[in-house]
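Asks: pasted the sequence and its predicted model underneath.
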Amino acid sequence: MVIIMVFALLGNQNCGKTTLFNQLTGSNQHVGNFPGVTVDSKSGEIRNLKGCTVVDLPGIYSIRPYSNEEIVTRDFLINGKPDAIINIADATNIERNLYLTLQLLELGLPMVLALNMMDEVRNNGGTINVNELSALLGIPVLPISAAKNEGIDELIEVLYSTAKNKVKPTKIDFCSGAVHRCIHAVSHLIEDHAEAAGISARFAAVKAIEGDKAIVEKLNINENEKEMLEHSVKEMESEVGLDRNAALADMRYTFIEDICRKTVVKCSESKEHLRSMKIDNILTHKYFGIPLFIVIMLAVFWLTFGVIGSGLSDLLMMGIDKLTAAVDSGLSNYGINPVVHSLIIDGVFAGVGSVLSFLPLIVVLFFFLSMLEDSGYMARVAFVMDKLLRKIGLSGRSFVPMLIGFGCSVPAIMATRTLSSERDRKMTIVLTPFMSCSAKIPIYAVFSAAFFPKYAALVMGGLYFTGMAVGVLCALILNKTKFKGNPVPFVMELPNYRMPSLKSVILLMWEKARDFIERAFTVIFIASIVIWFLRTFDTRFNVVADSSMSLLASIGRLISPVLAPLGLGDWRISTALITGISAKEAVVSTLSVLLQTNTSGLSQVLPSLFTPLSAVTFLVFSLLYTPCIAAIAALRSEFKSSLKAFSVAVFQCFIAWVCAFAVHLIGSVII
Amino acid sequence: MTLDKLKIGQQAKIISVGGEESLRCHLLDMGLIPKTSVSVRRIAPMGDPIEISLRGYELTLRLEDAKKIEVSVY
């Protein structure tokens, strides 16, 4: 594809940017990452405009060098050389939205302003004089409704001609008085440097006044000029009576207030806002807020892991089983070499197949999550739960991914994408696997039945609690060590509740599903083959008849001394734990194979291998040790580093060992 | 007084915004600049953070951050 033009799509959070992006591109999207940081970079070809790409930049409120999102955006605008900017603003909240608009204008790039949610403004009896606003801002302004697909064609048309004719904003001056003089003095001072660096002088001047180090460095100004810059900023500060940042913000908001007075007729109180207030009176209620949140999450869990998701999973599993059987008999009839046959059926089909059966769970879970996110409820969850999470150095936003961890670590890790702070995100990812996932339930069930049949619920509950407690402890330790430093301040907009757009929800589901399938056929595919290899061959590369002779068993024997201090020195235990890396359910099935029984008979045979104490130790170890390969693969793609994913796995094993050892020690003393 | 001391429903005008640089700039960008009027809408169930209303929209922030915003009641 020949790329003729590149457009940058920019706007505040919650202004309908993603909805507009989906309207502009349809399903024609590529999701990638900005280099070096885990900020999603989405781009897509605009419908009906061949070769014209639009890049969806992160939702930001200002161009500052503080968050990754802001830095990525600034760098893209300066280095990416977009042909035009599409700035989307929420018309129902125009004052704050125009703040970013003014900063974008300073770049001097061709630009179009899309006023979203104009239908809402009109329905509530408000008006915005679009023509006058356009004249005052010096750029084309178009009223649209992204959710209803209104005004999009006109937007594309105007955008194209603006970019093609390179129509720059007709004005960039919004200031008056001392700030005005200061910006002009600095502009003049750095003009040549800005031109050499390829940045608009006005934008560079403002950034230099704000003290954006990267821009100042790019400008390459000398000591003398630096001094003059500082001098004129100081002069302005003393004249205005505000420091540089407050003075610039004040200048912009004053200008916005002025143009809003001229162009906007606000309605008294919008229906949507009144409705939001009413919903919030219930959902963030002093006493009902938290119980309601728990009920909503339980419903999501029940529907995902109990009804819809698991039903679809079973269906998919049946399909995979049928396909496996067909391929199996096909290969047998063909008379293929038995080792190759085993590789395809026992290795690839069994391994990838068992992971793929999770796919419906992930799709269904993300359906609910994106509904909660797009409706505006997630912001309320953060609001309600923040205080609790802050105690372990995180913010309210981390609560939901951790909760999902109880279902499955994979979507939980994927869901951390919505966290705005890199530090919080990483820490949440590390802590999520401590929340006992549903795949570990078979292990707990078999052991409870074998050793504590009367106290199964207590054992189960105790394990879940232990997982959370260890997670909290690790969080406290990580806070003091690896993730030192101040948690990011929690300043977040609470948008009006809105009906989620079905198109956006479906596109997100598709995106997550594709992500998961891709991993199933790459990392998990390879891992399945490796595990198959280890299980099938012995140290002399002969096919084994008895699983106790396999490479896997040899590795199990090699590792067993490490687990011996825990009272788990038998090689069969370590072998079972190793296979648990492929999927946690495999722990139970491996134990039954090695103890020469079936899964249902396992409970009777287990006491030959475990004492009640070593059973508890084993359960604690299984609870905490390395997550499965699918989760490690998700970790890897979120951390963008195999090494980091591997370190997390090792870290978990270490924690598991320490905790299991403590259990063993305390247990031995008591008994 | 500071913003964290404001009672629910009380209207106030911002006098100054303090705090560490990145927090402060973020607050300024969100429209919390001197002379802006704000009110506290509600308090989270656990007593922190708070929800404030300004410039026609709602924002949530923690008490410790609200403490850095000086306001005067109308």
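Replies: Noted; the coordinates are in hand.
Asks: around chain A, which positions in chain B sit nearby?
Replies: Within chain B, the positions lying close to chain A (CB under 8 Å from any CB of the partner chain) are B:17, B:19-20, B:22-31, B:33-34, B:36, B:42-49, B:51, B:55-62, B:65. (Glycine included, C-beta is placed from N, CA and C.)
Asks: let's see the ChimeraX selection covering just the buried ones among those residues.
Replies: Provided next is the ChimeraX selection string for whichever of the residues of chain B next to chain A are buried by 16 or more other CB atoms under 10 Å in any protein chain shown:
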select /B:17,19,23,24,25,26,27,28,29,30,31,33,34,36,42,43,44,45,48,49,51,55,56,57,58,59,60,61,62,65
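Asks: so which of the residues of chain B next to chain A sit within strands?
Replies: Among these, the ones falling in strands (DSSP state E) are B:17, B:42-43, B:51, B:57-61.
Asks: how is chain A divided into domains?
Replies: Chain A is divided into the following domains under automatic domain parsing: A:5-164, A:177-265, A:515-670.
Asks: deepest-packed of those domains, please.
Replies: Among the domains of chain A, judged by mean count of other CB atoms under 10 Å in any protein chain shown, the one packed with the most neighbours on average is domain A:5-164 (a mean of 20).
Asks: does that domain come close to chain B?
Replies: Yes: judged by CB under 8 Å from any CB, domain A:5-164 and chain B are in contact via A:61-62, A:64, A:66, A:92-93, A:95-96, A:99.
Asks: mind listing what residue 24 touches?
Replies: Since you didn't name a chain, this refers to chain A. With contact set as CB atoms under 8 Å, 6 or more residues apart in numbering or on different chains, A:Leu24 has these partners: A:9, A:44, A:46-47, A:54, A:152, A:156.
Asks: try again with chain B
Replies: Contacts here follow CB under 8 Å, 6+ apart; on that basis B:Arg24 touches A:245, B:17-18, B:68.
Asks: B:Tyr74: which of those residues is nearest?
Replies: Distance ranking of the contacts of B:Arg24 against B:Tyr74, using CB to CB, places B:Val17 first at 18.2 Å.
Asks: now do the contacts for that closest one.
Replies: Contacts here follow CB under 8 Å, 6+ apart; on that basis B:Val17 touches A:246, B:24, B:27-28, B:32-34, B:68-70.
Asks: among these, which ones are in helices?
Replies: Where those overlap with helices, as defined by DSSP state H, the overlap consists of A:246, B:24, B:27-28.
Asks: for stretch A:307-322, which positions count as buried?
Replies: Taking 16+ other CB under 10 Å as the neighbour-count basis, stretch A:307-322 is seen to contain the buried residues A:308-310, A:312-313, A:316-317, A:320.
Asks: next, the angle strand B:57-61 makes with the worst-scoring helix or strand of chain B on mean pLDDT.
Replies: Of all regular secondary-structure elements in chain B, judged by mean pLDDT, DSSP states H and E, the least confident is helix B:21-29 with a mean of 90. Relative orientation of helix B:21-29 with respect to strand B:57-61: 160 degrees, computed using axes from the mean of the first three to the mean of the last three CA atoms, to 10 degrees.
Asks: dump helix B:21-29 to PDB, restricted to CA.
Replies: In PDB, the C-alpha atoms belonging to helix B:21-29 read as follows (Å, rounded to 0.1, in the frame of the first residue of the first chain):
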ATOM      1  CA  GLU B  21       5.600  19.700  39.500                       C
ATOM      2  CA  SER B  22       3.900  16.900  37.500                       C
ATOM      3  CA  LEU B  23       0.800  16.800  39.700                       C
ATOM      4  CA  ARG B  24       0.600  20.600  39.700                       C
ATOM      5  CA  CYS B  25       0.800  20.800  35.900                       C
ATOM      6  CA  HIS B  26      -1.800  18.100  35.500                       C
ATOM      7  CA  LEU B  27      -4.200  20.000  37.800                       C
ATOM      8  CA  LEU B  28      -3.600  23.200  35.900                       C
ATOM      9  CA  ASP B  29      -4.200  21.500  32.600                       C
END
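Asks: coming back round to it: need the domains of chain A in a markdown table (columns: mean pLDDT).
Replies: Converted to a markdown table, these look like this (pLDDT from 0 to 100):
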| stretch | mean pLDDT |
| --- | --- |
| domain A:5-164 | 89 |
| domain A:177-265 | 91 |
| domain A:515-670 | 88 |
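Asks: rewinding a little: just the contacts of B:Val17 now: which is nearest A:Ser614?
Replies: Distance to A:Ser614, by CB to CB, is smallest for B:Lys68 among these, at 54.6 Å.
Asks: wait, doesn't that closest one sit right on B:Gly19?
Replies: Yes: proximity of B:Lys68 to B:Gly19 meets the contact threshold set by CB atoms under 8 Å, at 3.9 Å.
Asks: of all the ones in strands among the residues of chain B next to chain A, which two lie farthest apart?
Replies: Within these, B:Val17 and B:Arg42 form the most distant pair, 21.7 Å apart (CB to CB).
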